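Q: give the three-dimensional model of this entry:
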Amino acid sequence: DIACISMPWLASIGFTVTFSALFSKLWRINKLFQCQHFRRTKVEEKDVLAPFAVLFTLNLTILVSWTVVDPLKWSRAPVNGE
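A: Reported below is the predicted structural model:
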């Protein structure tokens, strides 16, 4: 049962980490290029970590509720073969 439950957890957390990292980098570049006066723009760590924190929290909430309400269970179905 643990192997069945771990697959969606690992896949969705891996996707969330990858997507939020790319999104944060693109958002940071967009913020730098949107500056109209061509002066230094400071991008702080909290600006980059905010999308990651939001996406990770939403993902964790959905996964925990899914695991508690209806966990995946392994079952074997016999197949009649010749």
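
Q: quick check: buried residues in stretch 52-67?
A: Using 16 or more other CB atoms under 10 Å as the test for burial, stretch 52-67 gives F52, L55, N59, L63. From N, CA and C alone the C-beta is placed, and that goes for glycine too.

Q: hmm, who's touching that stretch?
A: Contacts to stretch 52-67, defined as CB atoms under 8 Å, 6 or more residues apart in numbering, come from residues I5, P8, W9, S12, I13, T16, V17, F19, S20, A21, F23, S24.

Q: from memory the second one sits against L72, does it?
A: Just to be clear, that refers to P8. Yes - P8 lies in contact with L72 (CB atoms under 8 Å); the separation is 7.3 Å.

Q: which strand or helix spans the most centrally placed residue in the chain?
A: Most central in the chain under CA atoms, centre = their mean is T16, positioned 1.5 Å from the mean C-alpha point. Element membership for T16, per DSSP states H and E: helix 2-33.

Q: put the alpha carbons of stretch 1-15 into PDB.
A: Taking C-alpha atoms only, stretch 1-15 is exported to PDB below (Å, rounded to 0.1, in the frame of the first residue of the first chain):
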ATOM      1  CA  ASP A   1       0.000   0.000   0.000                       C
ATOM      2  CA  ILE A   2       2.900   2.400   0.700                       C
ATOM      3  CA  ALA A   3       4.200   1.900  -2.800                       C
ATOM      4  CA  CYS A   4       0.800   2.800  -4.300                       C
ATOM      5  CA  ILE A   5       0.500   5.900  -2.200                       C
ATOM      6  CA  SER A   6       4.000   7.100  -2.800                       C
ATOM      7  CA  MET A   7       3.600   7.200  -6.600                       C
ATOM      8  CA  PRO A   8       1.200  10.200  -6.700                       C
ATOM      9  CA  TRP A   9       3.000  11.900  -3.900                       C
ATOM     10  CA  LEU A  10       6.400  11.700  -5.600                       C
ATOM     11  CA  ALA A  11       5.100  12.600  -9.000                       C
ATOM     12  CA  SER A  12       3.100  15.600  -7.900                       C
ATOM     13  CA  ILE A  13       5.700  17.000  -5.500                       C
ATOM     14  CA  GLY A  14       8.400  16.600  -8.100                       C
ATOM     15  CA  PHE A  15       6.200  18.400 -10.700                       C
END
